[in-house]
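Student: Provided below for reference: sequence and predicted model.
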Amino acid sequence: MKLKATAEDKMFTFYRYFSLSLTALMYLLNLSGPSVIIKSLIIIALFAFAYLFTIYYRRLRKRPRILMLAVSVEVAGVLALTLFTGGYDSPFKLYVLNPVLVAAGTLSVYFGWTVVLGYLGVIVATCYLFMRSAGKTFAQTVADNGNLFLALVLTVIIMQMVNRLKRQREEANARTNETMEHIKSLYHIVETSSQHDFMNIGQVITDYVVKLTKLDKALFWFARQNGGEPAPQSRQTGWQQEEEGHLFAELEKHGNEWRLQRDPVFKSLPGLGDFLLMPVRMSTRFVGMIGVKLESSEGLEGRRWYIQQLMFLAELSAIILQRHELGVIENRLIITNEQNRIADEMHDSVSQSLFGIVYATHSLKQTWRKMTEPELEEQIELIHESATKVAKELRITIYSLSSKKSGGPTWLGMVRSHLKSLSRLNDVEIELKITGDDFSLPYPYHKALFRIISEATGNAIRHGAASRVEVELALKPKWIRLTIVDDGVGFNAEHVFSDSENHSGGLGMKNMRYLAQSLGGDFQLTSSEDAGTRIHITIPVGVAELKNA
């Protein structure tokens, strides 16, 4: 498998060939030593070995032990070449910088210094004992070659500093990516939550606070509100059930103090420890406090990280809560307007026609004995036509309540909009194929199908690294068929449910299966590593209603 070269690989490769070209040129221009033909053969062999070591270093960068062996072999080769071509006077004495760069830049600190000191020790000892240094003292020999020693030592120091900075950057990027994944998951869960699930929003957020900060304990305390809708309950993660009451009672004591806060608060609560708390405020009112219990070993830099995370989560929580509150108000206004519109339509059309039928029936009851048979049939036919007209008007009125006819957003429209946004945000191709109509589909089916579609496509993008997802939804009067296929990395489908039986956080494969089975449906999962994932769900319409009847 061909590995993609990183910027670091390209830098090492350029320096290797550039330094080899210069030293080879110097070696050729030197009139002493072997003939030009032998020198040319040596240089050709060096370029071949340089190519091989470059390839192997790139392949072995994730296998440090074997990489150490490869570096040691190249250092030994450079050492032999240096001694063969003149020792101190060899143009290849600094070519050892190539394996030294690899050792100091990608391997451990101790190995890098071992390579340098070993190389220098062998060069100095060999040249001093067996070559043209017999008339000099050891100190003079070292002093004459101080530039070589200095270059190698500085190279190791600089590369290890660069390597340390690179590791810090990689750790920061990994932490940032992990944070973004958790935030995406949190947003996804909130987006697909129902009203019942939303009352547990404090628990969802505290669970994600623990994941983001890597601390053991977090809380979301909701302040008491005057009237209105019931607020979500205060929640915590990490404390025992018997400690929860004491925790929120202590926070309640400082309720008036929290309402005045707008910045992060460090607070020590009796019997509970030190806390970092962040106020959560909507544009209209104070909501509560989100916080974590601090460890005694945490330094200043760690606390700054916690403050950043809590500030972001406090703002996100406020947006989520305010959006939910506005949604509740909007739904009330929609219901009120619809009730008024229906009342007007019923009064103007249906009620007047019904009144006419009632009056005609009452009149017929009083006079039918005096009427001839043709007159009686004519009167009954007139009442029948009027009743048929009322039934038709009533059907039109009920059908007009459908968002499809009234111009509001349909359920299928919301599914399309969600997948379109997901596709744009993640640069992933999502193809949606729909057959049938959802007009007569009950709300529980809408809710479950939307959750399954959003969870499956989100998993394909976040965890499967898919570049294409196909969603096919068939809606028939008696059954529903949903198929979701992606080209991601896949996983071992045999272990997914057994490994997650005790997992209770978020929505996953287990939740999708539960949603399908709760409606009397069948959930089938097919996946394997490097082969993508396929989810196939079949749900009979009406089975759920029979179960609950």
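Tutor: Structure's in. What do you need? Residues are numbered from 1 along each chain as shown.

Student: work out for me the element the residue nearest to the spatial centre of the chain sits within.
Tutor: Per CA atoms, centre = their mean, the C-alpha nearest to the average position across the chain is that of Glu181, at 2.6 Å. Applying DSSP states H and E as the criterion places Glu181 in helix 146-191.

Student: got it, and Gly288?
Tutor: Element membership for Gly288, per DSSP H and E: strand 286-293.

Student: tell me the buried residues in the host helix or strand of Ala76?
Tutor: Using DSSP H and E, Ala76 maps to helix 64-84. For helix 64-84, burial by neighbour count (16 or more other CB atoms under 10 Å) applies to 67-68, 70-72, 74-75, 77-79, 81-83. Placement of C-beta: from N, CA and C, glycine included.

Student: so can I have JSON lines of those residues showing pLDDT and distance to Arg164?
Tutor: Formatted as JSON lines, the entries for the buried residues of helix 64-84 read as follows, by pLDDT from 0 to 100; distance: CB to CB, whole Å:
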{"residue": "Leu67", "pLDDT": "83", "distance to Arg164": "18"}
{"residue": "Met68", "pLDDT": "85", "distance to Arg164": "19"}
{"residue": "Ala70", "pLDDT": "83", "distance to Arg164": "23"}
{"residue": "Val71", "pLDDT": "83", "distance to Arg164": "19"}
{"residue": "Ser72", "pLDDT": "85", "distance to Arg164": "23"}
{"residue": "Glu74", "pLDDT": "83", "distance to Arg164": "24"}
{"residue": "Val75", "pLDDT": "82", "distance to Arg164": "23"}
{"residue": "Gly77", "pLDDT": "84", "distance to Arg164": "29"}
{"residue": "Val78", "pLDDT": "82", "distance to Arg164": "26"}
{"residue": "Leu79", "pLDDT": "82", "distance to Arg164": "28"}
{"residue": "Leu81", "pLDDT": "80", "distance to Arg164": "31"}
{"residue": "Thr82", "pLDDT": "79", "distance to Arg164": "30"}
{"residue": "Leu83", "pLDDT": "78", "distance to Arg164": "34"}
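
Student: could I get those as TSV with distance to Val469?
Tutor: Output for those, formatted as TSV (distance: CB to CB, whole Å):
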residue	distance to Val469
Leu67	38
Met68	43
Ala70	41
Val71	44
Ser72	48
Glu74	46
Val75	50
Gly77	51
Val78	52
Leu79	55
Leu81	55
Thr82	58
Leu83	61
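
Student: residue ranges with poor pLDDT in the stretch 101-250 of the chain?
Tutor: Scanning the stretch 101-250 of the chain with the threshold set as pLDDT under 70 gives 128-148, 182-199, 226-231.

Student: could you pull out the helices for the stretch 301-450 of the chain?
Tutor: 351-367, 373-400, 403-406, 411-426, 443-462 (DSSP state H, counting those that start in this stretch).

Student: the residue most distant from the middle of this structure, which is it?
Tutor: Counting by CA atoms, centre = their mean, Lys370 ends up farthest from the centre of the chain, with a distance of 82.2 Å.

Student: state the pLDDT value of that one.
Tutor: Among the per-residue scores, Lys370 shows a pLDDT of 79.

Student: same question, Glu378
Tutor: Glu378 carries a pLDDT value of 82.

Student: what's the neighbour count on it?
Tutor: Neighbours of Glu378 under the rule other CB atoms under 10 Å: 11.

Student: which strand residues bridge Leu482?
Tutor: Each beta-bridge partner of Leu482 is listed here, defined by DSSP bridges: Leu473, Ile537.

Student: so Asp263: helix, strand or coil?
Tutor: Three states are possible here, and by DSSP: H, G, I helix; E, B strand; the rest coil the one that applies to Asp263 is coil.

Student: so Val71 touches Leu107, yeah?
Tutor: Yes. A contact is recorded between Val71 and Leu107 when judged using CB atoms under 8 Å, the distance being 7.2 Å.

Student: low-confidence stretches in the stretch 301-450 of the chain?
Tutor: For the stretch 301-450 of the chain, the stretches flagged by pLDDT under 70 are 301-302, 331, 334-335, 338-339, 341-352, 355, 395-409, 439-440.

Student: if we go to 90?
Tutor: Confidence mapping of the stretch 301-450 of the chain against pLDDT under 90 gives the ranges 301-428, 435-450.

Student: need the helices of the stretch 301-450 of the chain in JSON lines (columns: distance to Lys253).
Tutor: Putting those into JSON lines (distance: least, CB to CB, whole Å) gives the following:
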{"stretch": "helix 351-367", "distance to Lys253": "59"}
{"stretch": "helix 373-400", "distance to Lys253": "54"}
{"stretch": "helix 403-406", "distance to Lys253": "48"}
{"stretch": "helix 411-426", "distance to Lys253": "43"}
{"stretch": "helix 443-462", "distance to Lys253": "40"}
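
Student: the ones you listed: which one's closest to Thr206?
Tutor: Thr206 lies closest to helix 443-462 among the helices of the stretch 301-450 of the chain, at 21.5 Å (CB to CB).

Student: buried sites along that closest one?
Tutor: Along helix 443-462, these residues count as buried under the neighbour rule (16+ other CB under 10 Å): 445, 448-462.

Student: dump it to PDB, keeping only the CA atoms.
Tutor: What follows is helix 443-462, C-alpha atoms only, in PDB (Å, rounded to 0.1, in the frame of the first residue of the first chain):
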ATOM      1  CA  TYR A 443     -46.600  11.000  14.400                       C
ATOM      2  CA  PRO A 444     -44.700   8.200  16.200                       C
ATOM      3  CA  TYR A 445     -43.600   6.900  12.800                       C
ATOM      4  CA  HIS A 446     -42.400  10.400  11.800                       C
ATOM      5  CA  LYS A 447     -40.400  10.700  15.000                       C
ATOM      6  CA  ALA A 448     -38.800   7.300  14.900                       C
ATOM      7  CA  LEU A 449     -37.900   7.400  11.200                       C
ATOM      8  CA  PHE A 450     -36.300  10.900  11.500                       C
ATOM      9  CA  ARG A 451     -34.200   9.700  14.500                       C
ATOM     10  CA  ILE A 452     -33.000   6.600  12.600                       C
ATOM     11  CA  ILE A 453     -32.200   8.500   9.500                       C
ATOM     12  CA  SER A 454     -30.300  11.300  11.300                       C
ATOM     13  CA  GLU A 455     -28.400   8.900  13.600                       C
ATOM     14  CA  ALA A 456     -27.400   6.500  10.800                       C
ATOM     15  CA  THR A 457     -26.200   9.300   8.400                       C
ATOM     16  CA  GLY A 458     -24.400  11.000  11.300                       C
ATOM     17  CA  ASN A 459     -22.700   7.800  12.300                       C
ATOM     18  CA  ALA A 460     -21.600   7.200   8.700                       C
ATOM     19  CA  ILE A 461     -20.000  10.600   8.500                       C
ATOM     20  CA  ARG A 462     -18.500  10.900  12.100                       C
END
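
Student: who touches stretch 410-427?
Tutor: Contacting residues not belonging to stretch 410-427 are listed as 403-404, 409, 428-430, 432, 434, 438, 441, 446, 449-450, 453-454, 457-458, 461, 471, 473 [CB atoms under 8 Å, 6 or more residues apart in numbering].
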